[in-house]
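1. Take this sequence and fold it.
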Amino acid sequence: MKSLLSSIKINISPCLFIKDPESSELGQDIISHSIELINKLGIEDFNFKKLGKEINSNESSIYRYFENKYKLLQYLSAMYWGILEYRLVLETNSIENPSKRLDKAIEVLTLTPKNVSLYSNVDQLKLRHIIIAEFTKSYHHKHVDSDNDDGNFSIYKRLVLRLVEMIKAVSEDYEYPKSLATQIVEGALQQHFIQEHFKSLTDNNGDDLNVFGFFKDITKNVLQIK
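-> Numbering: from 1, shown residues only. Okay, here's the model as predicted:
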């Protein structure tokens, strides 16, 4: 699986960039260093001027790739969800039992990834931390509908719909498969955020396995899996 992942390129919507950052060394530097800097500063304090200093380039060169920092955040989000989608497909594809396949999917969506070689030039654990902390800021704004129409969230939505199909395979009569799938994907991010910043409000105690167990338990009870 590791060698297969290393040969895959995620097709990110061209609406998210002016020039494909994967097409040049400078563009790749923009991506890898923006992950480092956003993880360190947060999206509010991050800007292209600070990023330019990190990569020894002027601010205007970054604007040749991205319209603004929020388009860059959406690009990083698409990259993350694309990586997760490929892991989800590859790690569940050979599992025939629908319940076990759904369990594996929840595991992939909730646990910290290991040994992922896709996009080896970026720190994927820091990328994951950015998504946990910042993903909602990529769509909680007035232009979300036009961004959605442009396909900026297409990879994220496709990932959720893959999970919907797995839920339906376990319980085709369940009335709310999309709501459940969205809650697992979004809720996992929220639980990781809460256990880092509001420890008194969670039972997870900083353990990934507890987040996995929580959503596995919810799904089992909701779908009445024995």
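2. quick one, what contacts Leu189?
-> Applying CB atoms under 8 Å, 6 or more residues apart in numbering, we find Leu189 in contact with Ile131, Ile132, Phe135. Using the backbone N, CA and C atoms, a C-beta is placed for each residue, glycine as well.
3. was I right about the second one contacting His192?
-> Yes. Because the distance of 4.8 Å satisfies CB atoms under 8 Å, Ile132 is recorded as touching His192.
4. distance between the ends of stretch 38-45?
-> Start-to-end span of stretch 38-45 (CA to CA, to the nearest Å) is 8 Å.
5. Now do it: everything it contacts.
-> Outside stretch 38-45, the residues that touch it by CB under 8 Å, 6+ apart are 46, 50, 69-70, 73, 76, 123, 126-127, 129-130, 133-134, 137.
6. Which two among the residues you listed are spaced furthest apart?
-> Across these, no pair lies farther apart than Tyr70 and Asp123, at 21.0 Å, counting by CB to CB.
7. more crowded one of these two?
-> Ranked by neighbour count (other CB atoms under 10 Å), Tyr70 and Asp123 place Tyr70 first, with 17 against 14.
8. contacting residues around Gln107?
-> You called it Gln, but residue 107 is Glu. For Glu107, the contact set (CB under 8 Å, 6+ apart) comprises Phe212, Lys216.
9. do that again at 7 Å, thanks
-> By CB atoms under 7 Å, 6 or more residues apart in numbering, the contact list for Glu107 reads Phe212.
10. circling back to that earlier point, for PyMOL, what selects the buried ones among the contacts of stretch 38-45?
-> Selection of buried members from these for PyMOL, criterion 16 or more other CB atoms under 10 Å:
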select buried, resi 46+69+70+73+76+126+127+129+130+133+134
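11. Go through the contacts of stretch 38-45 and name the one nearest Phe198.
-> Of all the contacts of stretch 38-45, Phe198 sits closest to Ala133, with 13.0 Å by CB to CB.
12. Name the nearest residue to the closest one, ignoring sequence neighbours.
-> Leaving aside its chain neighbours, Ala133 sits nearest to Phe193 (6.4 Å; criterion: CB to CB, 6 or more residues apart in numbering).
13. For Gln191, which non-adjacent residue is spatially closest?
-> Sequence neighbours aside, Val211 is the residue nearest to Gln191 in space, at 4.9 Å (criterion: CB to CB, 6+ apart).
14. By residue count, tell me the biggest helix in this structure.
-> When the chain is parsed with DSSP state H, its longest helix is helix 69-92.
15. can you list contacts of that helix?
-> Applying CB under 7 Å, 6+ apart, the contact partners of helix 69-92 are 1, 4-5, 8, 10, 12-13, 16-17, 34-35, 43, 46-48, 66, 101, 104-105, 108-109, 113, 116, 118-119, 124, 127-128, 130-131, 134-135, 137-138, 152, 155-156, 158-159, 162.
16. follow-up on the earlier one: secondary structure and neighbour count added to the contacts of Leu189, as CSV?
-> Shown next, in CSV, are the contacts of Leu189 (DSSP: H, G, I helix; E, B strand; the rest coil; neighbours: other CB atoms under 10 Å):
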residue, secondary structure, neighbour count
Ile131, helix, 21
Ile132, helix, 17
Phe135, helix, 21
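17. For stretch 214-226, what is the distance to the chain centroid?
-> Relative to the chain's own centre, stretch 214-226 is displaced by 23 Å; criterion: CA atoms, centre = their mean, to the nearest Å.
18. Go ahead and name everything in contact with it.
-> Residues external to stretch 214-226 that are found in contact with it (CB under 7 Å, 6+ apart): 99, 102-103, 106, 110, 167, 170-171, 174, 180, 184, 187-188, 191, 204.
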